[in-house]
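1. how would this look folded up:
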Amino acid sequence: MSEIPVIPNSPGLVGLPRRVAEAFAENGSLAKAMPAFESRPGQQRMAESAAQVFENGSILLAEAGTGTGKTLAYLVPAILSGQRILVSTGTKNLQDQIFYKDLPALVQALGVDINATYMKGRSNYLCLHRFNAVQQEEAPRSEIDQTYLDQLAEWAEQTETGDRAEVEDLPDSFSLWNDISATSENCIGTSCPKYQECYVTTMRQRAAESNLVIVNHHLLCADASVRQSAYGEVIPACSYVVVDEAHQLEDVATQYFGLSISTHRFDELDRDGRRLLTTEFGNSELETSVVDEVMELLSQIHSASKSLFASLATAIPNNERRRMNSDDFLPFSQSGHRVIGQLGNLINIVKDLVSTSEDFAALARRADELQTQLDFILKATDSSFVYFVEHRGRSVFLHASPIDVSSLVNGLLLEHVHGVILTSATLTVDDSFHYIKGRLGIKAATELRLNSEFDYTEQTMLYVPRSMPAPNNKSFTAAVATEVLRLLSVTSGRAFVLFTSYANLHDVESRLKPSIPYPLLVQGSAPRNVLVREFRSTPNAVLLATSSFWQGVDVAGEALSCVIIDKLPFASPSDPLTAARMEKIEADGGNPFADYQIPLAILNLLQGIGRLLRHRTDRGVLALLDSRLYSKGYGQRFLESLPPAPVTDDLKQVDKFFNGVD
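-> Below you'll find the predicted structure:
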């Protein structure tokens, strides 16, 4: 592993690295302008390393432990560089922090003017063209939907961004937003009569004139997946990219470079097609016979697709995912090809209507995409993908996911830019970047590891009881509930209890409810941001949650004094994507468990326990209720990867550490 040998404020530094070192010095511009700023050696080293990337190019992998201040470490050189730099984050929360908090403070401290643009996914923005069409409809609507549409109409006359987040009381459940948002599949590009006024057009123009463009991984990958289309791309070309929370990139890339089809897409095609025909029939010379023919085809497609997905649902138990191959799809091929053929008929007819309205071109493009993707999945012949059916609630999904996204990520990030910084608090396994480099297709990079600024030996203790039953034992969740209650009595609540599955969460919840003396919050009972806000403001609260709370949640101070994890977060080998990736590793001569499952579980575990300490003054208890850390050979590998907190299996020692009780 190569580390950049940078000495803060070294006389040998020149150019941008020297300007950055001066800004971070104890008496530098940041310390003078920001009262809470403190000079940290690790942050300085990372900032100077980032400056070298922005000045000379190359790839930097930077693991910056919690408390390092990695965000400022790349933002300061980015601002001072004068280059156009794209910053991609794993969450919108970090986007908000960078754009609304960090950037204004840094611009003032550094005395530098900078144009920055905050970009979200297209579906966050109002489409004026589609909104206009929906407003003209005479279709019956509920009173509440009409009230929200009227509110949006008033807002649309005033907003400069068209971002739905500005309408604070617009609920996530407002289904009509899908009909009026600026999604790429409905976009008609420069042919749109509202193109010059379009909020997405304006956002892209603003970004093209900016020095700093702030996106998230979902938009980064979604944009890359439609880059060959004239209708979907919104991110301007940038020579330098910062990928923060880079450990999430593989999962997000897998989602956006794969294919997914459900009844929802067919429902939307049917609804939008009928709305378009109704609108155009009233405003053009469309013949009644043509309208009737297209309407009939839409009905046939809608009916045939429902039949296809209903038959798939009967073959897959609810809340399960089943891996499929070409033979597995044979019983569904007849109904599937009926849908494919009807989509072809619709495409041929609608193409003849493009001269009537560009909206018909968008409709034909959507039908063509559905036809191509459905045919691809049902054939299931491309061995670089894994195919599976997911039955979730009332919905059924057909998926084709890339088994290995390393070449895709390499092409997305490395081949078309001059310099890349990939950073996170968790990038290494066994003191090496080997795992993450392989998953992201990085062949050569400068590597920088910075330990956490926190003193884990003094600020926390790790409790791992030896007497826990195995996680696959029927008595496991009962034992978890017992240990949780014992730990909560030590910390007086104030805890996150993190689970690896909803099943374990709900089982433990049912056992805790009758006896827990603290306010209990449960994932799913309210949106994530609401639950976090309630947790912060409710004394002695306890939150039960699963994977989405293992990362990207920041609660500093005494409100969060304990993080309990039920078991090691291994990816299930029965999951179709996990199984396919393990098979590929084995076929390539590797060890799937040692080379994939363990490293992935270690990184996920580090994210979970990273929720506890968010500030140098924080103090609390970590608990991992999995005795495999003692009983299995790989347990030591996990223990060696954890922060250097003292480990105990004695709850009395935990009480003594936390409360000073002998």
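2. least trustworthy helix or strand in this structure by mean pLDDT?
-> Here the helix or strand of the chain ranked lowest by mean pLDDT, DSSP states H and E is helix 263-283, holding a mean of 83.
3. any idea of the mean pLDDT in stretch 221-234?
-> Averaging pLDDT along stretch 221-234 gives 71.
4. what's the angle from the very next helix or strand once past the least confident helix or strand of the chain to helix 263-283?
-> Counting by DSSP states H and E, the next helix or strand C-terminal to helix 263-283 is helix 288-315. With axes from the mean of the first three to the mean of the last three Cα atoms, to 10 degrees defining the directions, helix 288-315 sits at 170 degrees from helix 263-283.
5. what residues of helix 288-315 count as buried?
-> 290-291, 294-295, 297-298, 300-302, 304-305, 308-309, 312-313 (16 or more other Cβ atoms under 10 Å). Where you see a C-beta, it was placed from the backbone N, CA and C, and this is true even at glycine.
6. now stretch 485-494
-> 487, 488, 490, 491, 492, 493, 494.
7. among those, which are in helices?
-> Per DSSP state H, helices hold the following members of the buried residues of stretch 485-494: 487, 488, 490, 491.
8. now tabulate those residues in JSON lines and tack on distance to residue 152 and pLDDT.
-> Putting these into JSON lines (distance: Cβ to Cβ, whole Å; pLDDT from 0 to 100) gives the following:
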{"residue": "487", "distance to residue 152": "47", "pLDDT": "97"}
{"residue": "488", "distance to residue 152": "45", "pLDDT": "97"}
{"residue": "490", "distance to residue 152": "50", "pLDDT": "96"}
{"residue": "491", "distance to residue 152": "45", "pLDDT": "96"}
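9. what's near enough to touch the residue positioned nearest the centre of the chain?
-> The centroid of the chain falls nearest to residue 90 when counting by Cα atoms, centre = their mean (5.4 Å). The neighbours of residue 90, taking Cβ atoms under 8 Å, 6 or more residues apart in numbering as the test, are 216, 217, 244, 245, 246, 247, 248, 249, 252, 551, 552.
10. what's the domain layout of the chain?
-> 22-115+210-257+405-453, 122-208, 260-395, 456-659 (automatic domain parsing).
11. quick one: average pLDDT of the shortest one?
-> The predicted model assigns domain 122-208 a mean pLDDT of 88.
12. likewise for stretch 612-630?
-> Rounded mean pLDDT across stretch 612-630 is 93.
13. would you put the C-alpha positions of it in PDB?
-> Written as PDB, here are the backbone C-alpha positions of stretch 612-630 (Å, rounded to 0.1, in the frame of the first residue of the first chain):
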ATOM      1  CA  LEU A 612     -22.400   5.600  18.100                       C
ATOM      2  CA  LEU A 613     -19.500   8.100  18.200                       C
ATOM      3  CA  ARG A 614     -20.100  11.200  16.100                       C
ATOM      4  CA  HIS A 615     -18.200  13.800  18.200                       C
ATOM      5  CA  ARG A 616     -15.100  13.800  20.400                       C
ATOM      6  CA  THR A 617     -17.100  14.200  23.500                       C
ATOM      7  CA  ASP A 618     -19.500  11.300  22.700                       C
ATOM      8  CA  ARG A 619     -19.300   8.300  24.900                       C
ATOM      9  CA  GLY A 620     -21.300   5.000  24.900                       C
ATOM     10  CA  VAL A 621     -21.700   1.300  24.600                       C
ATOM     11  CA  LEU A 622     -21.400  -1.000  21.600                       C
ATOM     12  CA  ALA A 623     -23.000  -4.400  21.700                       C
ATOM     13  CA  LEU A 624     -22.800  -7.300  19.200                       C
ATOM     14  CA  LEU A 625     -25.000 -10.200  20.200                       C
ATOM     15  CA  ASP A 626     -23.300 -12.800  18.100                       C
ATOM     16  CA  SER A 627     -21.200 -15.400  19.900                       C
ATOM     17  CA  ARG A 628     -19.600 -16.500  16.600                       C
ATOM     18  CA  LEU A 629     -17.000 -13.800  17.300                       C
ATOM     19  CA  TYR A 630     -15.700 -16.300  19.900                       C
END
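14. got the buried residues for that stretch?
-> Under 16+ other Cβ under 10 Å, the buried positions of stretch 612-630 are 612-614, 618-629.
15. give me the number of residues near residue 210?
-> 20 (other Cβ atoms under 10 Å).
16. now swap in residue 267 and tell me
-> 13.
17. next: residue 357.
-> 18.
18. any idea how far it lies from residue 297?
-> Distance, residue 357 to residue 297, by Cβ to Cβ, to the nearest Å: 17 Å.
19. thinking again about what came up before, show me the contacts for the residue nearest to the residue nearest to the centre of the chain when sequence neighbours are not counted.
-> Closest residue to residue 90 apart from its sequence neighbours, by Cβ to Cβ, 6 or more residues apart in numbering: residue 245 at 3.0 Å. Residues near residue 245 by Cβ under 8 Å, 6+ apart: 89, 90, 91, 94, 217, 424, 551, 552.
20. alpha carbons of stretch 247-262, as PDB, please.
-> The C-alpha trace of stretch 247-262 is given here as PDB (Å, rounded to 0.1, in the frame of the first residue of the first chain):
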ATOM      1  CA  HIS A 247     -18.600   2.000   0.000                       C
ATOM      2  CA  GLN A 248     -22.200   2.300  -1.300                       C
ATOM      3  CA  LEU A 249     -21.300   2.700  -5.000                       C
ATOM      4  CA  GLU A 250     -21.300  -0.900  -6.000                       C
ATOM      5  CA  ASP A 251     -24.900  -1.400  -4.700                       C
ATOM      6  CA  VAL A 252     -26.200   1.700  -6.400                       C
ATOM      7  CA  ALA A 253     -24.500   0.900  -9.600                       C
ATOM      8  CA  THR A 254     -26.000  -2.600  -9.500                       C
ATOM      9  CA  GLN A 255     -29.500  -1.100  -9.200                       C
ATOM     10  CA  TYR A 256     -29.100   1.400 -12.100                       C
ATOM     11  CA  PHE A 257     -27.200  -0.800 -14.600                       C
ATOM     12  CA  GLY A 258     -29.700  -3.600 -14.200                       C
ATOM     13  CA  LEU A 259     -33.200  -4.000 -15.500                       C
ATOM     14  CA  SER A 260     -36.400  -4.100 -13.500                       C
ATOM     15  CA  ILE A 261     -40.000  -4.500 -14.800                       C
ATOM     16  CA  SER A 262     -43.200  -4.600 -12.700                       C
END
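21. quick check on residue 241: phi, psi?
-> phi -130, psi 140 (degrees, to the nearest 10).
22. element containing residue 195, please.
-> Using DSSP H and E, no helix or strand contains residue 195.
23. isn't it up against residue 189?
-> Yes. The pair residue 195 / residue 189 is scored as a contact, 7.3 Å apart, by Cβ atoms under 8 Å.
24. now find how far off-centre stretch 655-662 is within its chain.
-> Taking Cα atoms, centre = their mean, to the nearest Å, the mean C-alpha location of stretch 655-662 is offset from the chain mean by 39 Å.
25. may I see the buried residues of that stretch?
-> For stretch 655-662, by 16+ other Cβ under 10 Å, it's 655, 657, 658.
26. cool, stretch 153-173 as well?
-> Under 16+ other Cβ under 10 Å, the buried positions of stretch 153-173 are 156, 159, 161, 162, 164, 167.
27. same question, stretch 575-590
-> Result for stretch 575-590 [16+ other Cβ under 10 Å]: buried residues 576, 577, 578, 579, 580, 581, 582, 584, 585.
28. residues contacting the residue nearest to residue 619 when sequence neighbours are not counted?
-> Excluding its sequence neighbours, the residue lying closest to residue 619 (Cβ to Cβ, 6+ apart) is residue 459, at 5.0 Å. Residues near residue 459 by Cβ under 8 Å, 6+ apart: 613, 618, 619, 620, 645.
29. restricted to strands, list these.
-> residue 620 (DSSP state E).
30. which one among the contacts of residue 459 gets closest to residue 501?
-> Residue 501 lies nearest to residue 620 out of these, by Cβ to Cβ, at 24.4 Å.
31. any idea how far that closest one is from residue 170?
-> Taking Cβ to Cβ, one finds residue 620 at 37 Å from residue 170.
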